[in-house]
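Participant: Predicted model, plus sequence, below.
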Amino acid sequence: MIELPRTIYDDIVRHASEGGKEEVCGVLAGDRGTDGDPSVVTRRYEAENVAETPRTRYLITPEEQLELIERIEADGLDVVGFYHSHPTGPARPSETDAAQAAWPDHSYVICALDGHPFVGSWRWRGDGSGFEQETVALRSGQ
């Protein structure tokens with residue numbers, strides 16, 4: 001399970017909507033749950049999507065990713081996972097998402113915008129089993 005404050009959930013939807021037909025992306029930080037404990041997101045860090053085909057892919061440069069990780073750690077937080085948008089769906093990880101996932105036991109949050117905005121989350125298992133859908137629990141406040 002991943003716990004998102006309502007404000008961060010709304011910020012992800014807003015960021016995705018602002019991206020229009022291009023995917024947006026960012027890093028989620030807080031307390032990464034292990035051994036069945038939920039991950040708790042307390043902050044969201046937007047990143048620039050530098051993919052060659054941003055309508056169907058997202059990519060954070062290694063330099064920006066390192067900078068964001070250092071900021072997260074300096075803030076005393078853990079990397080919980082990543083988020084990105086699927087402007088035209090699907091409301092689940094794509095084959096490309098699975099091929100590029102590189103952070104085992106971290107959450108990959110997707111905001112799909114085809115129809116009503118949908119925010120779902122999947123943990124990358126990295127053991128060959130792929131993504132496992134997890135419950136998104138909304139919390140009030142930050």
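Facilitator: Perfect, thanks for sending it.
Participant: mind listing the strands for this structure?
Facilitator: 2-5, 25-31, 39-47, 78-86, 107-112, 118-124, 131-134, 136-139 (DSSP state E).
Participant: what's in contact with the third one?
Facilitator: Identification of contacts with strand 39-47 by CB atoms under 8 Å, 6 or more residues apart in numbering yields 1-5, 8, 11-12, 15, 24-33, 60, 64-65, 68, 71-72, 75, 77, 80-81, 83, 107, 142. C-beta coordinates here come from the backbone N, C-alpha and C atoms, glycine included.
Participant: Determine which of the strands of the chain approaches residue 55 most closely.
Facilitator: Evaluated over the strands of the chain, closeness to residue 55 peaks at strand 78-86, with 10.3 Å, by CB to CB.
Participant: Note down every partner strand of that closest one and its orientation.
Facilitator: Applying DSSP bridges, strand 78-86 is found paired with strand 25-31 (antiparallel), strand 107-112 (parallel).
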